[in-house]
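>>> Here is my input; please provide its structure:
(chains A and B)
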There are 2 protein chains.
Amino acid sequence: MEISEKVLGMLTRLGFTKYEILTYWTLLVYGPSTAKEISERSGIPYNRVYDTIASLKTRRFVSEIDGSPRVYVAFSPSIAFLRFKKEVDEIKEQLEEELKRIKVKTEERPGVWRTKELDEAIEMVRESLERVEYEAILLSPGKFFIEIKDSLRNALKKGATLSIYTEGNIDLSELTNIGNLFVRKFHRLNHFIGMFDGREVINIQNIGFEPKNPPSFKATYPEIIFSQYSFLREAFGESELILEDINQKNELRFFADFHAVDVIRRYLGKCDIYAEVIAKSLSTNEIEELRGKVVGYTFALNEGIDNFELETDRGILKIGGMFAVLEDYETTKIKLILT
Amino acid sequence: MEISEKVLGMLTRLGFTKYEILTYWTLLVYGPSTAKEISERSGIPYNRVYDTIASLKTRRFVSEIDGSPRVYVAFSPSIAFLRFKKEVDEIKEQLEEELKRIKVKTEERPGVWRTKELDEAIEMVRESLERVEYEAILLSPGKFFIEIKDSLRNALKKGATLSIYTEGNIDLSELTNIGNLFVRKFHRLNHFIGMFDGREVINIQNIGFEPKNPPSFKATYPEIIFSQYSFLREAFGESELILEDINQKNELRFFADFHAVDVIRRYLGKCDIYAEVIAKSLSTNEIEELRGKVVGYTFALNEGIDNFELETDRGILKIGGMFAVLEDYETTKIKLILT
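Down below sits the predicted model:
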């Protein structure tokens, strides 16, 4: 039987043994066959045909028809590989589970992951939304939000704040009445920028033009995050709040200090605001948990200053955001309680 | 580093070597790492890390970040396996191409392919529609036709006749003005029955109830085909033609003789009808190609008789359908020309 090196190579790559490949291929080429015919047509020793078939049956590439002699049939590549892909998905899920269980909790070295496949870039965004705890900032043409709607809803349900920047006139009603959502109108930008808990940033170029192969990346480098953070603060300055949908007043989470300070600025005086933050002391570099009442704030966007004052049992502390310099503490883990 | 037998086993099954698995897993667990770190953390000999990484890079499970020392990053299982599944699809397509090229053209042993997965059963239907040359007869609740719409359109485009039996009130306008389409109203049947060129039959149980795991099969056994053919002839008798959309008058193909005879019965006298058939002589068992003018027919459904008379240069021959007994020839390859 004719079998090309190419077919052999391709299927070997997917983890099939040579006998398995020869058997499957023989059944595809000749149609339903008996073990004897398979052996004659493929050259596999007769006494090896049965265990080969057994393993192909386990993978559901082949099945048998009762009778005497037994006849074996191959499922077409379309059906067989549909199954194979389901198996791949199951393996993927089990890997993810196992990974969650044993992932090392130390500080990770930062990295950058690049792709030009749109579906892969979108998958990166979905993954980050799945992991986000405090806040995702997403700046994008409105259409893209439809595509990742389910992940956005899940993030809201888990209590993460969504801060969306987009052109006006987009219907986000499916995202309201769930969690804490802020939508700001910004001039149309054809790129996608997503920042998640200040830990990672994702960029998809030209997503507004629905490109097939947009250069895209995810990065956890602080310097890349900083560059995008600056851009987002710029966008904040030029934007207009068009939707504020707060459904969890007692736990309003942010990673971006300027978003927290914006809420403080608008609500302080109207209600009492308390805050819980996990923050790094700029004097000792220690990570601390701070709680207290918010008693003041400074917001000078053009000078790049945004912070708030927290009255704690150790006195009033100045809390700044990511890359803070002037304050007592820097934080990307803020919970506000509006009473 | 901890790695379970399970993870090792799963990834081995997909064709990864032990070193590849250890490297990928190390990068997942520890995050971005240098070659030295990979070696230390996984126990892979340092001099084997580079070629392992090279092969993981080819499969796009891992990428590298320029710098000194170089840092390697793993794509998450979601991204990596999205790629892997694309690779599986490519391999599947190449297999199919190669198979088309070398498939043995001899008489195949008949077989039966069973599944309880709805998506696999639907894929079987799509495959059969892709291969159909003369006629597909499809009996099903109307909703299902929406699901396989593209395959139906393609079959029509290629010149195959579609003979659909379904309950009334279904919108098939997307299938009109393309090829030769007949729709007959039949009482609602919750199963799907498809017959393709008289060569194969597909059955999906209870498809009308949108089941998750409907017992389904494809069969090429003549006796199973016969049982379904009889059922379809029954359905024909109880049905009412509600749409006839003939766009290729000069090549109206059928495998089911009773459908051809139905057209002859309705058009003979109104126009001249010629036919080309590939048929088996019941006296010699030889396959012959016959052409001529249609000059008569017999249609006695209750007696199970349907045939037509073809005036050829050898005289008038009686042409019957699949499993014919009384006629001179039996055929499943009929082309009618209406003038």
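
>>> Show me the helices in the stretch 151-300 of chain A, by range?
Per DSSP state H, counting those that start in this stretch, the stretch 151-300 of chain A carries helices over the ranges A:222-238, A:257-267.

>>> Distance check, the residue of chain A most remote from its centre against residue B:220.
Largest separation from the mean C-alpha position in chain A: residue A:68, at 53.8 Å (Cα atoms, centre = their mean). Residue A:68 sits at a distance of 19 Å from residue B:220 (criterion: Cβ to Cβ, to the nearest Å). C-betas here are computed from N, CA, C, even on glycine.

>>> Equivalent analysis for residue A:194, please.
Distance from residue A:194 to residue B:220, by Cβ to Cβ: 52 Å.

>>> More neighbours: those two, which one.
Applying other Cβ atoms under 10 Å in any protein chain shown to residue A:194 and residue B:220 shows that residue A:194 carries more neighbours, namely 23 against 18.

>>> check contacts around that one.
For residue A:194, the contacting residues are A:125, A:128, A:136-140, A:201-203, by Cβ atoms under 8 Å, 6 or more residues apart in numbering or on different chains.

>>> One more: residue A:121?
Residues near residue A:121 by Cβ under 8 Å, 6+ apart: A:115, A:202, A:204, A:214, A:216.

>>> related to what we said a few turns ago, in helices, which of the contacts of residue A:194 fall?
Among these, the members falling in helices (DSSP state H) are A:125, A:128.

>>> Scan the contacts of residue A:194 and report the most crowded one.
Result: residue A:137 is most packed of those (other Cβ under 10 Å), 28 neighbours.

>>> and chain A, what are its domains?
A:5-80, A:112-246, A:252-338 (automatic domain parsing).

>>> which one of those lies closest to residue B:87?
Residue B:87 sits nearest to domain A:5-80 of all the domains of chain A, at 8.0 Å, using Cβ to Cβ.

>>> Taking the centroid of chain A, which residue is nearest it?
Centre-most residue of chain A, counting by Cα atoms, centre = their mean: residue A:127, 1.6 Å.

>>> Residue B:260 versus that one, what's the distance?
On the measure of Cβ to Cβ, residue A:127 and residue B:260 end up 57 Å apart.

>>> May I see the buried residues of the top helix by length along chain A?
Among the segments of chain A that qualify as a helix by DSSP H, the longest is helix A:77-102. Under the neighbour-count criterion of 16 or more other Cβ atoms under 10 Å in any protein chain shown, helix A:77-102 has A:77-85, A:87-88, A:91-92, A:95-96, A:98 buried.

>>> by contact count, what packs against it?
helix B:5-13, helix B:18-30, helix B:77-102, helix B:118-131 (3 or more Cβ pairs under 8 Å, 6 or more residues apart in numbering or on different chains; DSSP states H and E).

>>> possible to save those helices as TSV with mean pLDDT?
Formatted as TSV, the helices and strands packed on helix A:77-102 follow (pLDDT from 0 to 100):
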stretch	mean pLDDT
helix B:5-13	87
helix B:18-30	93
helix B:77-102	91
helix B:118-131	94
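
>>> Mind checking these for the one nearest to residue A:248?
So among the helices and strands packed on helix A:77-102, helix B:77-102 is nearest, using Cβ to Cβ, at 28.2 Å.

>>> and the strand ranked longest in chain A, which residues are buried?
Scanning chain A for the strand with the most residues, using DSSP state E, yields strand A:287-300. Under the neighbour-count criterion of 16+ other Cβ under 10 Å, strand A:287-300 has A:290, A:292, A:294, A:297-298 buried.

>>> which of the residues you listed lies closest to chain B?
residue A:290 (28.3 Å; Cβ to the nearest Cβ).

>>> Pull the contacting residues for the nearest residue to that closest one once chain neighbours are set aside.
Nearest non-adjacent residue to residue A:290, counting by Cβ to Cβ, 6 or more residues apart in numbering or on different chains: residue A:277, 5.1 Å away. For residue A:277, the contact set (Cβ under 8 Å, 6+ apart) comprises A:289-291, A:310, A:319, A:329, A:331, A:333-335.

>>> give me that answer again for 10 Å
A:254, A:257, A:260, A:288-292, A:308, A:310, A:317, A:319, A:329-336 (Cβ atoms under 10 Å, 6 or more residues apart in numbering or on different chains).

>>> Emit the PyMOL select command for whichever of those residues are buried.
Selection of buried members from the contacts of residue A:277 for PyMOL, criterion 16+ other Cβ under 10 Å:
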select buried, chain A and resi 254+257+260+290+292+308+310+317+319+329+330+331+332+333+334+335+336
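
>>> picking up where we left off before, residue B:187: which of the buried residues of helix A:77-102 is nearest?
residue A:79 (31.2 Å).

>>> That closest one reaches residue A:61, doesn't it?
Yes: between residue A:79 and residue A:61 there is a contact at 8.9 Å, judged by Cβ atoms under 10 Å.

>>> Please name the nearest non-neighbouring residue to whichever residue of the stretch 201-339 of chain A sits closest to chain B.
The minimum distance from the stretch 201-339 of chain A to chain B, using Cβ to the nearest Cβ, falls at residue A:220 (8.1 Å). In this structure, residue A:220 finds its nearest non-sequential neighbour in residue A:110, 4.2 Å apart by Cβ to Cβ, 6+ apart.

>>> The one you found touches residue B:32, doesn't it?
Yes: if you go by Cβ under 10 Å, residue A:110 and residue B:32 touch, sitting 6.7 Å apart.

>>> Dump the buried residues of strand A:287-300 into TSV; add distance to residue B:156 and pLDDT as well.
Formatted as TSV, the buried residues of strand A:287-300 follow (distance: Cβ to Cβ, whole Å; pLDDT from 0 to 100):
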residue	distance to residue B:156	pLDDT
A:290	70	96
A:292	72	96
A:294	69	96
A:297	68	95
A:298	70	94
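
>>> Kindly reformat those as TSV and extend each row with distance to residue A:51.
Below are the buried residues of strand A:287-300 laid out as TSV (distance: Cβ to Cβ, whole Å):
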residue	distance to residue A:51
A:290	65
A:292	70
A:294	71
A:297	73
A:298	75
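
>>> Which one of those residues is nearest to residue A:176?
The nearest member of those to residue A:176, counting by Cβ to Cβ, is residue A:294 at 26.1 Å.

>>> Could you measure from the residue of the stretch 201-339 of chain A closest to chain B over to residue B:27?
14 Å.

>>> Count the residues that sit near residue A:193.
Neighbours of residue A:193 (other Cβ under 10 Å): 19.

>>> now residue A:59
Residues near residue A:59, counting by other Cβ under 10 Å: 17.

>>> pLDDT at residue A:106, what is it?
In this prediction, residue A:106 carries a pLDDT score of 65.
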